[in-house]
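> With the sequence up front, the predicted model follows.
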Amino acid sequence: MPRKRPWAWDKLRLRILQEEPLCRICLEVGRVTAARDVDHIVPTSRGGALLDPMNCRPLCVPCHQDVTRAQMGHKAKPVIGLDGWPI
């Protein structure tokens, strides 16, 4: 099965996460969360550069999912309480 992303992306992703191990969005609101994903600020599907470090930012998984949902025009998932109703 052929690779979908170039090896250079893997190296860049690793370098970004090593240099900046915390989620940028969480830091802006005063939370400290480990980053696991690297997000393209301008999505590659909309012309953003895949290998440009200035177009990348480290994010935690929930923030990355929220940003991706917003970019795609989807609504945020509601938080469901233990009783099964939205909070």
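In hand now; what should we look at?
> hey, which helix or strand in this structure has the poorest pLDDT?
Within the chain, confidence by mean pLDDT, DSSP states H and E is lowest for helix 61-72 among all helices and strands, at a mean of 92.
> counting contacts, what elements does it pack onto?
helix 24-28, strand 37-40 (3 or more Cβ pairs under 8 Å, 6 or more residues apart in numbering; DSSP states H and E). For every residue, glycine as well, the C-beta is placed using N, CA and C.
> Which residues does it contact?
C23, I25, C26, T33, R36, D37, D39, P43, L59, K75, A76, K77 (Cβ atoms under 8 Å, 6 or more residues apart in numbering).
> Of those residues - the most surrounded one?
Most neighbours among the contacts of helix 61-72, by other Cβ atoms under 10 Å: C23, with 25 neighbours.
> tell me the pLDDT at that one?
As summarised for this prediction, C23 has a pLDDT of 97.
> Then M1?
For M1, pLDDT reads 59.
> Include distance to D10 when you put the contacts of helix 61-72 into a markdown table, please.
Converted to a markdown table, those look like this (distance: Cβ to Cβ, whole Å):
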| residue | distance to D10 |
| --- | --- |
| C23 | 20 |
| I25 | 23 |
| C26 | 24 |
| T33 | 23 |
| R36 | 14 |
| D37 | 13 |
| D39 | 16 |
| P43 | 19 |
| L59 | 17 |
| K75 | 32 |
| A76 | 30 |
| K77 | 29 |
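> Spatially, which two of those residues are the most separated?
Farthest-apart pair in those is R36 and K75; separation 23.7 Å (Cβ to Cβ).
> in the protein, what spans have low per-residue confidence?
Low-confidence segments of the chain, defined by pLDDT under 70: 1-5.
> What separation do you get for the residue lying closest to C23 once chain neighbours are set aside and A35?
Spatially, and ignoring its direct neighbours in sequence, C23 is nearest to C60 (4.0 Å; Cβ to Cβ, 6 or more residues apart in numbering). Distance check for C60 against A35: by Cβ to Cβ, to the nearest Å, it reads 6 Å.
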